[in-house]
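Chemist: below: sequence and its predicted model.
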Amino acid sequence: MPRHRIFSGIQPTGEPHLGNYLGAIRQWVEQQEAPDRADALYAIVDYHALTIEIEPEQLAAWTLDMTASLLACGLDPQKVTLFRQSDVPEHAELGWIFSCVAALGDLQRMTQFKDKAEQNKDNINVGLFTYPVLQAADILLYKATQVPVGEDQVQHLELSREVARRFNRRFGETFPEPQPLLSKVARLRGLDGSAKMSKSKGNTVALGEAPETIRAKLKVAVTDPARLRRNDPGHPEVCNIFTLHGCFTGPRDPERLAAIERDCRSAALGCVDCKKELADRVVEQLTPIREAQAAWRARPDDLRDLLEVGRKKAAAIAEATMEEVRARIGVRGLAKRR
Ligand code: TRP
């Protein structure tokens, strides 16, 4: 079997939050430490961020800031390729080609498009609709086989596989079918109990959030909705706070996690104390990230240099794939440009 290649992307639309961290970034960092690790590329997908209204200076600033955050989380540019999507224009080129391969009906089924169109009625641009086509281009440009993402991206990955199959059928075997690598984290809800953590809803904690803010946000976070009074027995399996304990307490102290579960069920542990304890763990584990983030933010030139190193590594692969694709589809390739 060919060696695996990993690709994933993150939008530079603000500081990453707990949902991004637990759903994706933490996995990226863990896999880079595996002894038999696969080749991995991670892109800051600024072309995707254009699907929302965003000022040019803001987009550039957030892209650099996302670089700082990813490095602060422990992503190591010696071990993985970290780059900016728009530094490799072949993403857009392959995106167009794939838009001539993808089926309209498949795109119309994308639930994320339907949700976003509902939320942004005043800016339903075509890019919002073809977003998953560009995502397929991101992945297949590197012939990636594994894509670590959150559960919300599974449908987009299905589309990527379908695009690969349709391209291969029409133009000959070129692309592998990429599989999602789902994080083991159970589905996280927003701190307000709503379906998803998102910065725009203000129901999450940013990675660089001040300790007092983290404590204040967790203090009022929604727990088990059936536990109305202090002495009611709790249901950890439906409690978002327990899920978070699973992420922040479990890996370091599995016995404590088991005790929290037991004491919640018996009502020996109340939600207020349980959340206070979680806040201690979160503050403790985000503090080094917050400090590293501040240190990277103070070195913008080094961030740019690192992105340039990543660009070179990514571009070498992307250019080779595109030469192959251009030849297969019958457009002019670089070799024939005379
Ligand atoms: N759509 C992804 C998200 O919003 C970001 C993304 C863009 C991505 N291109 C990708 C993820 C390619 C994985 C692979 O989270």
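Modeler: Great, that's in hand.
Chemist: hey, let's count contacts and neighbours off CA atoms from now on
Modeler: Noted.
Chemist: now for whatever residue of the stretch 151-300 of the chain ends up closest to the ligand, how many residues are close by?
Modeler: Nearest residue of the stretch 151-300 of the chain to the ligand: Gln153, at 6.4 Å (CA to the nearest ligand atom). Neighbour count of Gln153, defined by other CA atoms under 10 Å: 15.
Chemist: secondary structure class of it, three-state.
Modeler: Under the three-state scheme (DSSP: H, G, I helix; E, B strand; the rest coil), Gln153 adopts helix.
Chemist: what's the separation between it and Gln58?
Modeler: Per CA to CA, to the nearest Å, Gln153 is found 25 Å from Gln58.
Chemist: all helices for this protein, in order.
Modeler: 18-20, 26-32, 46-49, 56-72, 90-99, 104-108, 111-119, 126-140, 154-171, 211-219, 240-248, 254-265, 271-297, 300-329 (DSSP state H).
Chemist: and the ones you listed as CSV, adding mean neighbour count and mean pLDDT?
Modeler: Shown next, in CSV, are these (neighbours: other CA atoms under 10 Å; pLDDT from 0 to 100):
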stretch, mean neighbour count, mean pLDDT
helix 18-20, 21, 92
helix 26-32, 18, 93
helix 46-49, 20, 98
helix 56-72, 20, 98
helix 90-99, 19, 98
helix 104-108, 12, 97
helix 111-119, 14, 92
helix 126-140, 22, 97
helix 154-171, 19, 98
helix 211-219, 17, 96
helix 240-248, 22, 95
helix 254-265, 16, 96
helix 271-297, 18, 97
helix 300-329, 16, 98
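Chemist: rebuild those helices as JSON lines, extending it with distance to Arg230.
Modeler: Shown next, in JSON lines, are those (distance: least, CA to CA, whole Å):
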{"stretch": "helix 18-20", "distance to Arg230": "27"}
{"stretch": "helix 26-32", "distance to Arg230": "34"}
{"stretch": "helix 46-49", "distance to Arg230": "44"}
{"stretch": "helix 56-72", "distance to Arg230": "39"}
{"stretch": "helix 90-99", "distance to Arg230": "54"}
{"stretch": "helix 104-108", "distance to Arg230": "47"}
{"stretch": "helix 111-119", "distance to Arg230": "37"}
{"stretch": "helix 126-140", "distance to Arg230": "45"}
{"stretch": "helix 154-171", "distance to Arg230": "38"}
{"stretch": "helix 211-219", "distance to Arg230": "15"}
{"stretch": "helix 240-248", "distance to Arg230": "16"}
{"stretch": "helix 254-265", "distance to Arg230": "10"}
{"stretch": "helix 271-297", "distance to Arg230": "8"}
{"stretch": "helix 300-329", "distance to Arg230": "49"}
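Chemist: so which of those helices comes closest to Phe83?
Modeler: In terms of CA to CA, the element of the helices of the chain nearest to Phe83 is helix 300-329, at 4.7 Å.
Chemist: in terms of secondary structure, what does that closest one contact?
Modeler: If contacts are counted by 3 or more CA pairs under 8 Å, 6 or more residues apart in numbering; DSSP states H and E, helix 300-329 sits against helix 56-72, strand 81-84, helix 90-99.
Chemist: that helix and the ligand, any residue contact?
Modeler: No. Helix 300-329 is not in contact with the ligand by CA under 6 Å from any ligand atom; minimum separation 13.8 Å.
Chemist: again, but for stretch 107-121
Modeler: No. Remark: stretch 107-121 sits outside contact range of the ligand, by CA under 6 Å from any ligand atom, the gap being at least 9.4 Å.
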